[in-house]
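Chemist: show me the folded form of this:
(2 chains)
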Number of protein chains: 2
Amino acid sequence: MFRDFKLAYDRPVAIQVRDYVKRLIIKGALQANQKLPSTRELSLLLNVSRNIVIAAYEGLEDDGFTYMVRGKGSYVATISGGASKMVQFWQPDWCARMNGHAKLAVELDHMKNGFRAERTTISFTSIAPDEKLFDIDNVRRAFLDRMALEGNVLLNYGYAKGYRPLIDYLLRYMEHKGVNTKGKDMLITNGFTEGLDIVLSSLRRPNGSVLCENPTHNTALKLLKLHGFEIKGIPMEGDGIDLHELESALSERTYDCAYFVPSYHNPTGIVTSPEKRLTLMKWMAERQIPIIEDGFNEELRYSGSHVAPLIATAGDGNGVVYLGSFSKVLFPGLRVGWVLADRVLIDYLESIKRARTIHTSTLDQSLLYQYLHNGNFEKYMKKARAEYKRKYEWTKQCCEAHVPYVRMTGDGGLHLFVAFEEGFDTRELLTACSRQGVFFTPGDMFFTGEGEGRHTMRIGFSRVTGEEIEKGIRIIGETARQLMH
Amino acid sequence: MFRDFKLAYDRPVAIQVRDYVKRLIIKGALQANQKLPSTRELSLLLNVSRNIVIAAYEGLEDDGFTYMVRGKGSYVATISGGASKMVQFWQPDWCARMNGHAKLAVELDHMKNGFRAERTTISFTSIAPDEKLFDIDNVRRAFLDRMALEGNVLLNYGYAKGYRPLIDYLLRYMEHKGVNTKGKDMLITNGFTEGLDIVLSSLRRPNGSVLCENPTHNTALKLLKLHGFEIKGIPMEGDGIDLHELESALSERTYDCAYFVPSYHNPTGIVTSPEKRLTLMKWMAERQIPIIEDGFNEELRYSGSHVAPLIATAGDGNGVVYLGSFSKVLFPGLRVGWVLADRVLIDYLESIKRARTIHTSTLDQSLLYQYLHNGNFEKYMKKARAEYKRKYEWTKQCCEAHVPYVRMTGDGGLHLFVAFEEGFDTRELLTACSRQGVFFTPGDMFFTGEGEGRHTMRIGFSRVTGEEIEKGIRIIGETARQLMH
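Modeler: Next comes the predicted model:
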């Protein structure tokens, strides 16, 4: 015994000794009421100082694994539920116990079913920010600033609605986008995704159906499907949703809500024109269909004048539920998003949020608040916009030079959307490209209908270097041409 | 114009100027194509330096609110969706659009419906840790350590399953509690609550019913109800669940799963005895009822030998789903919990987690990991246990001296559970005590049946000082006696 002790170099030694003895007790190698070696003996056996062993023995006693007999030493306690008292427990077939929701969640989990890009490859699959742009020093400063002010408070329970200073900041932020916040309120969520999930969880659905752009954000599609909605997708034109198709869809039936991504639409990158926004708003109001507005990448405008979100156009109307997030422009690791909507609705959503996750990480919220408050966001965005704009233009240029596309869209943001001729199969293209170490996202996963959009693909460029962009796009283009012949 | 500009003292001035001008544009006070004052003029008008105005004007242009004409200056851009172009948007009646789930969530939201303890009062309602014990310096150190190692990575997207080093740490941690992790896997969640919500979301329920202790954790009751389960509560005895009642419940029908809190049961504080644990496990295995084990406050043992969780007793059986969290002992503001269960089940849960919140805050996870890795947890627990033990004993002593109870339970943890004679009403007692500035949690909210447990109450002592404990308990006792006469 005590021969197989090995030290890990970067963990307190007393804890390693304590854990080592715990393992011996749990395995039954040390039996109940057996005397442990004296601290002096064990320190020699393990080749650690005697003080270390004393601390380890204290830890064992604190955790109830040993007891001390005065003047005699440490003895192993009678611990319950160790290996020696094991019940022959059963093996449920968990697959058989999963419900439709769980099975659908796996089926729709593209992260599990998709191609895995390797480290050595060129991958256009991500639309996450480029971490090389992160201003870590300012993040560190924001953390230290906030901890110094109220560290104890931040580490204890917070409120379901969110961290108050952040809510106030974001309300002002939305006001600066032209939103009238009267009669509205805000809920902080674990990112956009939780916000949409909670909103969808709350809605009555007398019709069971929802309107959206087609194609659209695949996470939203996934959630709409998981919530059992029938999805009516409206095709996209260069300046936003096809109004004729929308009109015809509206004349067919009624819908419980609409989900729209008016700015830098995912995946097409199209910005809905101000005119279309107004028509959209008018029609939805006439038919009393609430709008869930995804504020996706609104911040990543590279040129042109400010376009206000739909919720700003609604004035003090309360028919728009706005979902915001900085995940694509700032730090996605901080899981913070927000729902801005009618006060009455937010009150319901708050209770659902509390039931599900109590509240969003206070540390994430307070760090983000302090970072914003310190004015870091503006400086960061200036740098990020310049860098992404450069990549955006370069990717566009490379696609124009090398890719035999029929249509390419993307007015900003972190990706372009490419359509080949109908009949071309980007899944096949992906298989061929992946053999050459190049990956992209096949477009069909963004479409509402089965098998639609097989001739499209999304190219995310945010995390690819300029050199790789050229090399990767060239390979995609050449491979596409080969497949066409 | 420009007369109502007011400087806040702790935010970059250029940003304040930019936001001020944005507001004027959004309000329509500055019209499209109107020329802004020169930077020199505005610096005089607002009484800030000219460089500040230059930076503010740059920000306005970056955000698309203005455009620059070379040699002439800055002009207001035609922004869409401002107040001037407002649609007369509609006002949905959101209450009428809420479904049963949303309404039930509000109804079961005790935070909204309960008494609000004021700051100047003595409140025994909380069982959150005492933030005065938090070792902020170590938290700060853990953050800086981790950020220095991989700050960029931490701020970008992580994995739905969780932060790998934390998962590995917690797997070892559970092994030291005697758990055989073979064939098992772990999912990191936004605290215990999300873990339970996700597990309940995944289960088929051919029977639609669940077994649990009665009373039990109110958040779990809330989630079970929100998921539409029929709840069969089994009364508690001093050493755990009443086996006769359990046997009779098991003979009546079958259940889809059981939810148990074997250690420092919430709200009774009872630790289920090793013998009862074994019987429980045997019976559930025989009837093939999976167990959801809530590891609530396992760490807050003040005396006696180590009691292994149920999942440790199951060996390599996979019928126990263990939900862990440090929220009651460490920092609840960090929303981190874990589900330890069969590998197949975790794979399903991972997809549900990804669909709902993408992943748990990487910052929270990595900070917690580094804090644990640095060995801070052990030192903190030593201090916290000593302090809570002192409060536990003092509260018990005060209750014994002043409160006319019939039964008092609590073998550890951060609360005691007091039962008066049947017929006594602790809601009435609470109303009377609240007038004297003393609050506690009425026990009925922990019971599975309507109107049950009206004669009980939970006393959380973790955040109350020794002096207040005595004063508060004395008031509770005296008021109870008065109500009895």
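Chemist: and residue A:244, how many residues sit next to it?
Modeler: By other C-beta atoms under 10 Å in any protein chain shown, 11 other residues sit near residue A:244. (Glycine included, C-beta is placed from N, CA and C.)
Chemist: where's it, which helix or strand?
Modeler: helix A:243-252 (DSSP states H and E).
Chemist: distance from the chain centre to that helix, please.
Modeler: 33 Å (C-alpha atoms, centre = their mean, to the nearest Å).
Chemist: who's in contact with the next helix-or-strand element following that helix?
Modeler: Downstream of helix A:243-252, the next assigned helix or strand under DSSP H and E is strand A:257-260. If you take C-beta atoms under 8 Å, 6 or more residues apart in numbering or on different chains as the criterion, strand A:257-260 is touched by A:196, A:203, A:210-213, A:216, A:220, A:224, A:241, A:272, A:280, A:284, A:289-294, A:310.
Chemist: partner strands of strand A:257-260, with direction?
Modeler: Sheet partners assigned to strand A:257-260 using DSSP bridges are listed as strand A:209-214 (parallel), strand A:291-294 (parallel).
Chemist: okay, those, which one's buried deepest?
Modeler: Most buried of the strands paired with strand A:257-260, by mean neighbour count (mean count of other C-beta atoms under 10 Å in any protein chain shown): strand A:291-294, with a mean of 26.
Chemist: what's in contact with that one?
Modeler: By C-beta under 8 Å, 6+ apart, strand A:291-294 touches A:192, A:196, A:199, A:217, A:220, A:257-262, A:266, A:280-281, A:284, A:309-311, A:319-323.
Chemist: swap in stretch A:230-243?
Modeler: Contacts of stretch A:230-243 (C-beta under 8 Å, 6+ apart): A:208-216, A:221, A:224-225, A:245-246, A:249, A:255, A:260, A:262, A:265, A:268, A:270-273, A:275-277, A:279-280, A:409, A:447-449.
Chemist: tell me where the stretch 351-485 of chain A has helices.
Modeler: Secondary structure of the stretch 351-485 of chain A (DSSP state H, counting those that start in this stretch): helices located at A:362-373, A:376-402, A:426-434, A:466-484.
Chemist: check the burial of the nearest residue to residue A:478 once chain neighbours are set aside by counting its neighbours.
Modeler: Nearest residue to residue A:478, sequence neighbours excluded (C-beta to C-beta, 6 or more residues apart in numbering or on different chains): residue A:402, at 7.2 Å. Residue A:402 has 18 neighbouring residues, counting by other C-beta under 10 Å.
Chemist: equivalent analysis for the one 5 residues further on, please.
Modeler: The criterion is other C-beta under 10 Å. On that basis, residue A:407 has 13 neighbouring residues.
Chemist: would you check how far apart the closest residue in space to residue A:421 that isn't next to it in sequence and residue A:433 are?
Modeler: Spatial nearest neighbour of residue A:421, excluding adjacent residues (C-beta to C-beta, 6+ apart): residue A:406 at 5.5 Å. Distance, residue A:406 to residue A:433, by C-beta to C-beta, to the nearest Å: 18 Å.
Chemist: neighbour count: those two, which is higher?
Modeler: residue A:433 (25 against 12).
Chemist: for the residue nearest to that one when sequence neighbours are not counted, what are its contacts?
Modeler: Spatial nearest neighbour of residue A:433, excluding adjacent residues (C-beta to C-beta, 6+ apart): residue A:479 at 5.3 Å. Shown in contact with residue A:479 (C-beta under 8 Å, 6+ apart): A:429, A:432, A:433, A:436.
Chemist: list buried residues within the residues you listed.
Modeler: Buried members of the contacts of residue A:479, scored by 16 or more other C-beta atoms under 10 Å in any protein chain shown, are A:429, A:432, A:433.
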